[in-house]
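Enquirer: For reference, the sequence and a predicted model appear below.
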Amino acid sequence: MIRYLLKKLFYMVVSLFVLASATFFLMKAIPGNPFMSEKEIPKAIRAMLEAKYGLDKPLWSQYLTYLNNLIHLDLGMSMKQQYTTVSSIIGTGFLYSLQLGIFAIILSVTAGVVLGIIAALNHRKFLDTFTIFLAVLGVSVPNFVVASALQYFLGVKLRWFDVAGLNDITDYVMPTIALAVLPAAFIARLTRSSMLEVLTADYIKTARAKGMSGRIILFRHALRNAILPVVTYIGPMTANIITGSVIVEQIFGIGGLGKFFVNSITNRDYTLIMGLTLFYAVILMLARFLTDIAYAFIDPRIKLNSRKEG
(Lines give C-alpha, C1' and ligand atoms only; values in the text may rest on other atoms or scores of the structure.)
Protein backbone atom coordinates (compact mmCIF):
# COMPACT_ATOMS: atom_id res chain seq x y z
CA MET A 1 0.00 0.00 0.00
CA ILE A 2 2.85 2.37 0.85
CA ARG A 3 4.56 1.68 -2.46
CA TYR A 4 1.27 2.32 -4.25
CA LEU A 5 0.86 5.69 -2.52
CA LEU A 6 4.47 6.64 -3.23
CA LYS A 7 3.91 5.82 -6.89
CA LYS A 8 0.85 8.09 -6.94
CA LEU A 9 2.84 10.89 -5.31
CA PHE A 10 5.60 10.47 -7.91
CA TYR A 11 3.06 10.79 -10.73
CA MET A 12 1.66 13.92 -9.06
CA VAL A 13 5.11 15.53 -9.00
CA VAL A 14 5.73 14.67 -12.66
CA SER A 15 2.31 16.03 -13.64
CA LEU A 16 2.97 19.27 -11.78
CA PHE A 17 6.33 19.64 -13.54
CA VAL A 18 4.72 19.17 -16.97
CA LEU A 19 1.90 21.58 -16.10
CA ALA A 20 4.31 24.21 -14.73
CA SER A 21 6.46 24.00 -17.85
CA ALA A 22 3.46 24.17 -20.20
CA THR A 23 1.97 27.13 -18.33
CA PHE A 24 5.29 28.99 -18.36
CA PHE A 25 5.83 28.66 -22.12
CA LEU A 26 2.19 29.40 -22.94
CA MET A 27 2.42 32.62 -20.94
CA LYS A 28 5.54 33.61 -22.85
CA ALA A 29 3.89 32.79 -26.19
CA ILE A 30 1.03 35.25 -25.60
CA PRO A 31 1.63 38.56 -27.41
CA GLY A 32 2.38 41.56 -25.21
CA ASN A 33 3.61 41.78 -21.63
CA PRO A 34 2.22 42.72 -18.19
CA PHE A 35 3.37 46.31 -18.54
CA MET A 36 1.33 47.15 -21.63
CA SER A 37 -1.55 49.55 -20.95
CA GLU A 38 -3.64 52.19 -22.67
CA LYS A 39 -1.24 54.82 -21.35
CA GLU A 40 2.19 54.38 -22.91
CA ILE A 41 4.93 53.68 -20.37
CA PRO A 42 8.32 55.34 -21.01
CA LYS A 43 10.90 52.91 -22.35
CA ALA A 44 13.28 53.53 -19.45
CA ILE A 45 10.62 52.67 -16.87
CA ARG A 46 9.54 49.60 -18.82
CA ALA A 47 13.16 48.43 -18.99
CA MET A 48 13.48 48.85 -15.23
CA LEU A 49 10.31 46.84 -14.63
CA GLU A 50 11.41 44.06 -16.98
CA ALA A 51 14.79 43.92 -15.24
CA LYS A 52 13.10 43.80 -11.82
CA TYR A 53 11.02 40.74 -12.77
CA GLY A 54 13.72 39.12 -14.89
CA LEU A 55 11.85 39.53 -18.18
CA ASP A 56 14.96 40.96 -19.85
CA LYS A 57 16.82 37.65 -19.50
CA PRO A 58 16.84 34.87 -22.14
CA LEU A 59 13.85 32.53 -22.07
CA TRP A 60 15.86 29.52 -20.90
CA SER A 61 17.25 31.56 -18.01
CA GLN A 62 13.76 32.69 -16.97
CA TYR A 63 12.58 29.09 -17.12
CA LEU A 64 15.39 27.77 -14.93
CA THR A 65 14.84 30.57 -12.43
CA TYR A 66 11.12 29.78 -12.36
CA LEU A 67 11.75 26.06 -11.69
CA ASN A 68 14.30 26.87 -8.99
CA ASN A 69 11.78 29.12 -7.26
CA LEU A 70 9.12 26.40 -7.46
CA ILE A 71 11.46 23.90 -5.83
CA HIS A 72 11.79 26.33 -2.92
CA LEU A 73 7.97 26.85 -2.90
CA ASP A 74 8.40 30.45 -4.04
CA LEU A 75 5.66 31.52 -6.47
CA GLY A 76 7.16 34.98 -6.86
CA MET A 77 5.78 38.50 -6.62
CA SER A 78 2.69 39.76 -8.37
CA MET A 79 3.54 41.92 -11.36
CA LYS A 80 0.47 44.11 -10.88
CA GLN A 81 -0.01 44.28 -7.10
CA GLN A 82 3.07 45.97 -5.72
CA TYR A 83 4.96 44.38 -2.84
CA THR A 84 2.49 41.47 -2.74
CA THR A 85 3.51 37.86 -3.12
CA VAL A 86 1.48 35.37 -5.11
CA SER A 87 1.33 33.10 -2.06
CA SER A 88 -0.31 35.81 0.06
CA ILE A 89 -2.87 36.52 -2.66
CA ILE A 90 -3.73 32.83 -2.91
CA GLY A 91 -3.96 32.59 0.86
CA THR A 92 -6.38 35.52 1.04
CA GLY A 93 -8.62 34.31 -1.76
CA PHE A 94 -8.53 30.65 -0.80
CA LEU A 95 -9.92 31.41 2.66
CA TYR A 96 -13.22 32.64 1.15
CA SER A 97 -13.33 29.90 -1.48
CA LEU A 98 -12.64 27.21 1.13
CA GLN A 99 -15.38 28.39 3.47
CA LEU A 100 -17.89 28.59 0.66
CA GLY A 101 -16.69 25.28 -0.77
CA ILE A 102 -17.10 23.36 2.49
CA PHE A 103 -20.71 24.48 2.79
CA ALA A 104 -21.40 23.60 -0.85
CA ILE A 105 -19.79 20.15 -0.51
CA ILE A 106 -21.82 19.29 2.60
CA LEU A 107 -25.05 20.46 0.97
CA SER A 108 -24.45 18.74 -2.38
CA VAL A 109 -23.42 15.37 -0.90
CA THR A 110 -26.19 15.33 1.70
CA ALA A 111 -28.95 16.41 -0.68
CA GLY A 112 -27.70 14.23 -3.53
CA VAL A 113 -27.41 11.01 -1.49
CA VAL A 114 -30.76 11.54 0.27
CA LEU A 115 -32.59 12.24 -3.01
CA GLY A 116 -30.92 9.27 -4.67
CA ILE A 117 -31.95 6.91 -1.85
CA ILE A 118 -35.52 8.22 -1.89
CA ALA A 119 -35.73 7.72 -5.65
CA ALA A 120 -34.31 4.18 -5.47
CA LEU A 121 -36.64 3.12 -2.65
CA ASN A 122 -39.63 4.46 -4.59
CA HIS A 123 -38.63 3.07 -7.98
CA ARG A 124 -41.14 3.91 -10.76
CA LYS A 125 -43.32 5.83 -8.34
CA PHE A 126 -44.10 9.54 -8.09
CA LEU A 127 -41.15 10.35 -5.80
CA ASP A 128 -38.78 8.58 -8.21
CA THR A 129 -40.11 10.51 -11.20
CA PHE A 130 -40.04 13.81 -9.31
CA THR A 131 -36.47 13.22 -8.13
CA ILE A 132 -35.32 12.40 -11.66
CA PHE A 133 -36.98 15.61 -12.88
CA LEU A 134 -35.14 17.66 -10.24
CA ALA A 135 -31.83 15.95 -11.09
CA VAL A 136 -32.18 16.58 -14.82
CA LEU A 137 -33.15 20.19 -14.12
CA GLY A 138 -30.18 20.65 -11.80
CA VAL A 139 -27.72 19.27 -14.32
CA SER A 140 -29.20 21.27 -17.21
CA VAL A 141 -29.40 24.74 -15.63
CA PRO A 142 -26.01 26.56 -15.44
CA ASN A 143 -24.91 27.79 -12.02
CA PHE A 144 -24.89 31.43 -13.13
CA VAL A 145 -28.60 31.13 -13.99
CA VAL A 146 -29.30 29.61 -10.57
CA ALA A 147 -27.24 32.36 -8.91
CA SER A 148 -29.06 35.14 -10.77
CA ALA A 149 -32.47 33.62 -9.99
CA LEU A 150 -31.61 33.33 -6.29
CA GLN A 151 -30.43 36.93 -6.22
CA TYR A 152 -33.62 38.15 -7.87
CA PHE A 153 -36.15 36.17 -5.86
CA LEU A 154 -34.49 35.77 -2.45
CA GLY A 155 -32.41 38.94 -2.51
CA VAL A 156 -34.39 41.56 -4.43
CA LYS A 157 -38.01 40.44 -4.18
CA LEU A 158 -38.18 38.77 -0.77
CA ARG A 159 -35.19 40.60 0.75
CA TRP A 160 -34.21 37.56 2.81
CA PHE A 161 -30.50 37.82 2.02
CA ASP A 162 -28.00 40.41 0.84
CA VAL A 163 -27.45 40.34 -2.91
CA ALA A 164 -23.64 40.39 -2.74
CA GLY A 165 -20.76 40.09 -0.31
CA LEU A 166 -19.93 37.80 2.61
CA ASN A 167 -20.56 39.91 5.68
CA ASP A 168 -22.65 37.43 7.67
CA ILE A 169 -23.20 33.67 7.90
CA THR A 170 -26.53 34.06 6.08
CA ASP A 171 -24.69 35.53 3.09
CA TYR A 172 -23.35 32.04 2.36
CA VAL A 173 -26.81 30.63 1.68
CA MET A 174 -27.34 31.76 -1.93
CA PRO A 175 -23.82 31.15 -3.30
CA THR A 176 -23.75 27.78 -1.53
CA ILE A 177 -26.99 26.71 -3.18
CA ALA A 178 -25.79 27.99 -6.56
CA LEU A 179 -22.59 25.94 -6.30
CA ALA A 180 -24.30 22.83 -4.89
CA VAL A 181 -27.19 22.42 -7.34
CA LEU A 182 -25.26 20.76 -10.18
CA PRO A 183 -23.13 18.35 -8.10
CA ALA A 184 -26.15 17.47 -5.92
CA ALA A 185 -28.16 16.58 -9.02
CA PHE A 186 -25.33 14.47 -10.40
CA ILE A 187 -24.83 12.68 -7.06
CA ALA A 188 -28.58 11.99 -6.87
CA ARG A 189 -28.49 10.26 -10.25
CA LEU A 190 -25.38 8.28 -9.32
CA THR A 191 -26.83 7.20 -5.98
CA ARG A 192 -30.16 6.20 -7.50
CA SER A 193 -28.68 4.04 -10.27
CA SER A 194 -26.15 2.44 -7.92
CA MET A 195 -28.76 1.76 -5.22
CA LEU A 196 -31.12 0.15 -7.73
CA GLU A 197 -28.34 -2.20 -8.79
CA VAL A 198 -27.31 -3.06 -5.23
CA LEU A 199 -30.87 -3.60 -3.96
CA THR A 200 -31.34 -6.42 -6.49
CA ALA A 201 -28.09 -8.19 -5.48
CA ASP A 202 -28.20 -11.69 -4.02
CA TYR A 203 -26.73 -10.73 -0.64
CA ILE A 204 -29.50 -8.15 -0.14
CA LYS A 205 -32.11 -10.82 -0.90
CA THR A 206 -30.36 -13.13 1.58
CA ALA A 207 -30.38 -10.44 4.27
CA ARG A 208 -34.10 -9.90 3.75
CA ALA A 209 -34.73 -13.64 3.92
CA LYS A 210 -32.91 -13.75 7.28
CA GLY A 211 -35.37 -11.17 8.62
CA MET A 212 -33.06 -8.18 8.90
CA SER A 213 -34.80 -4.85 9.24
CA GLY A 214 -34.96 -2.56 6.23
CA ARG A 215 -32.94 0.12 8.00
CA ILE A 216 -30.03 -2.24 8.72
CA ILE A 217 -30.07 -3.57 5.16
CA LEU A 218 -30.14 -0.05 3.75
CA PHE A 219 -27.37 1.57 5.80
CA ARG A 220 -25.12 -1.38 6.68
CA HIS A 221 -25.18 -3.30 3.40
CA ALA A 222 -26.78 -1.42 0.49
CA LEU A 223 -25.55 2.13 1.01
CA ARG A 224 -21.94 1.14 1.74
CA ASN A 225 -21.63 -0.59 -1.64
CA ALA A 226 -23.78 1.90 -3.54
CA ILE A 227 -21.72 4.86 -2.34
CA LEU A 228 -18.55 3.87 -4.26
CA PRO A 229 -19.44 5.70 -7.52
CA VAL A 230 -20.29 8.77 -5.44
CA VAL A 231 -16.89 8.65 -3.74
CA THR A 232 -15.25 8.60 -7.18
CA TYR A 233 -17.11 11.77 -8.15
CA ILE A 234 -16.56 13.54 -4.81
CA GLY A 235 -12.82 13.85 -5.46
CA PRO A 236 -12.87 16.10 -8.53
CA MET A 237 -16.10 17.73 -7.34
CA THR A 238 -14.41 18.80 -4.11
CA ALA A 239 -11.49 20.30 -6.01
CA ASN A 240 -13.78 22.21 -8.38
CA ILE A 241 -15.93 23.60 -5.59
CA ILE A 242 -13.19 24.50 -3.11
CA THR A 243 -11.05 26.28 -5.68
CA GLY A 244 -14.09 28.40 -6.31
CA SER A 245 -16.48 28.96 -9.15
CA VAL A 246 -15.28 31.96 -11.10
CA ILE A 247 -18.75 32.95 -12.31
CA VAL A 248 -20.56 32.45 -9.00
CA GLU A 249 -17.92 34.40 -7.09
CA GLN A 250 -18.15 37.23 -9.60
CA ILE A 251 -21.96 37.33 -9.41
CA PHE A 252 -22.04 37.48 -5.61
CA GLY A 253 -19.03 39.79 -5.30
CA ILE A 254 -16.94 37.29 -3.34
CA GLY A 255 -13.20 37.94 -3.13
CA GLY A 256 -12.21 34.32 -3.67
CA LEU A 257 -9.72 32.68 -6.02
CA GLY A 258 -12.08 33.09 -8.95
CA LYS A 259 -11.92 36.87 -8.70
CA PHE A 260 -8.11 36.90 -8.58
CA PHE A 261 -7.87 34.45 -11.46
CA VAL A 262 -10.06 36.61 -13.71
CA ASN A 263 -8.17 39.77 -12.77
CA SER A 264 -4.79 38.10 -13.33
CA ILE A 265 -5.76 37.11 -16.87
CA THR A 266 -7.14 40.58 -17.62
CA ASN A 267 -4.00 42.27 -16.26
CA ARG A 268 -1.55 39.75 -17.80
CA ASP A 269 -0.12 39.08 -14.35
CA TYR A 270 2.15 36.20 -15.39
CA THR A 271 3.30 35.12 -11.94
CA LEU A 272 -0.23 35.16 -10.50
CA ILE A 273 -1.67 33.23 -13.45
CA MET A 274 0.99 30.53 -13.17
CA GLY A 275 0.70 30.40 -9.38
CA LEU A 276 -3.08 30.03 -9.42
CA THR A 277 -2.92 27.41 -12.19
CA LEU A 278 -0.49 25.30 -10.17
CA PHE A 279 -2.57 25.77 -7.02
CA TYR A 280 -5.70 24.58 -8.84
CA ALA A 281 -3.75 21.55 -10.07
CA VAL A 282 -2.46 20.69 -6.59
CA ILE A 283 -5.97 20.83 -5.13
CA LEU A 284 -7.34 18.61 -7.91
CA MET A 285 -4.54 16.05 -7.55
CA LEU A 286 -4.83 15.96 -3.77
CA ALA A 287 -8.57 15.42 -4.06
CA ARG A 288 -8.04 12.47 -6.40
CA PHE A 289 -5.29 11.12 -4.15
CA LEU A 290 -7.54 11.25 -1.07
CA THR A 291 -10.30 9.63 -3.12
CA ASP A 292 -8.05 6.63 -3.78
CA ILE A 293 -7.33 6.35 -0.07
CA ALA A 294 -11.04 6.62 0.78
CA TYR A 295 -11.75 3.85 -1.72
CA ALA A 296 -9.37 1.56 0.15
CA PHE A 297 -11.19 2.18 3.46
CA ILE A 298 -14.68 1.78 1.99
CA ASP A 299 -13.96 -1.37 -0.04
CA PRO A 300 -11.17 -3.64 1.38
CA ARG A 301 -10.95 -5.49 -1.95
CA ILE A 302 -9.57 -2.34 -3.59
CA LYS A 303 -6.99 -2.07 -0.82
CA LEU A 304 -5.83 -5.66 -1.41
CA ASN A 305 -5.65 -5.13 -5.16
CA SER A 306 -3.62 -1.98 -4.62
CA ARG A 307 -1.17 -3.90 -2.45
CA LYS A 308 -0.79 -6.58 -5.07
CA GLU A 309 -0.17 -3.99 -7.77
CA GLY A 310 2.36 -2.16 -5.56
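Expert: Looks like it arrived, so ask away.

Enquirer: ok, now how distant is the residue most central in space within the chain from Thr277?
Expert: The centroid of the chain falls nearest to Asn240 when counting by CA atoms, centre = their mean (1.5 Å). From Asn240 across to Thr277, the span is 14 Å (CB to CB, to the nearest Å). (Each C-beta comes from the backbone N, C-alpha and C, glycine too.)

Enquirer: just how off-centre is the top helix by length along the chain within its chain?
Expert: Longest helix of the chain, by residue count under DSSP state H: helix 86-121. Helix 86-121 sits 9 Å away from the centroid of its parent chain (CA atoms, centre = their mean, to the nearest Å).

Enquirer: for it, what is the average pLDDT?
Expert: Here helix 86-121 scores 89 as its mean pLDDT.

Enquirer: what packs against whichever helix or strand comes after that helix?
Expert: Moving toward the C-terminus from helix 86-121, the next helix or strand (DSSP states H and E) is helix 126-140. Judged by 3 or more CB pairs under 8 Å, 6 or more residues apart in numbering; DSSP states H and E, the packing partners of helix 126-140 are helix 86-121, helix 173-199.

Enquirer: What are the buried residues along the shortest one?
Expert: Along helix 173-199, the positions that meet the burial threshold by neighbour count (16 or more other CB atoms under 10 Å) are 173-192, 194-196, 198-199.

Enquirer: Compute the inter-axis angle for it and helix 86-121.
Expert: Comparing the axes of helix 173-199 and helix 86-121 via axes from the mean of the first three to the mean of the last three CA atoms, to 10 degrees yields an angle of 50 degrees.

Enquirer: ok, then the element right after helix 173-199?
Expert: helix 202-209.

Enquirer: residue ranges with poor pLDDT in the stretch 1-150 of the chain?
Expert: Within the stretch 1-150 of the chain, the stretches with pLDDT under 70 are 1, 32-41.

Enquirer: what's near enough to touch the closest residue to Leu70 other than its chain neighbours?
Expert: Leaving aside its chain neighbours, Leu70 sits nearest to Ala20 (6.1 Å; criterion: CB to CB, 6 or more residues apart in numbering). Going by CB atoms under 8 Å, 6 or more residues apart in numbering, Ala20 touches 66-67, 70, 274, 278.

Enquirer: Repeat the analysis, applying 10 Å as the threshold.
Expert: 63, 66-67, 70, 274, 277-278, 281 (CB atoms under 10 Å, 6 or more residues apart in numbering).

Enquirer: Going by distance to Phe261, which of those residues wins?
Expert: Thr277 (8.5 Å; CB to CB).

Enquirer: I'd say the closest one and Ala22 touch.
Expert: Yes. Using CB atoms under 10 Å, Thr277 is in contact with Ala22, at 9.3 Å.

Enquirer: The two: which has the busier surroundings?
Expert: Neighbour count, other CB atoms under 10 Å: between Thr277 and Ala22, Thr277 has more, with 19 against 11.

Enquirer: what's the more buried one sitting at in phi/psi?
Expert: phi -60, psi -50 (degrees, to the nearest 10).

Enquirer: for it, what are its contacts?
Expert: So Thr277 contacts 19-20, 22-24, 26-27, 261, 264 (CB under 10 Å, 6+ apart).
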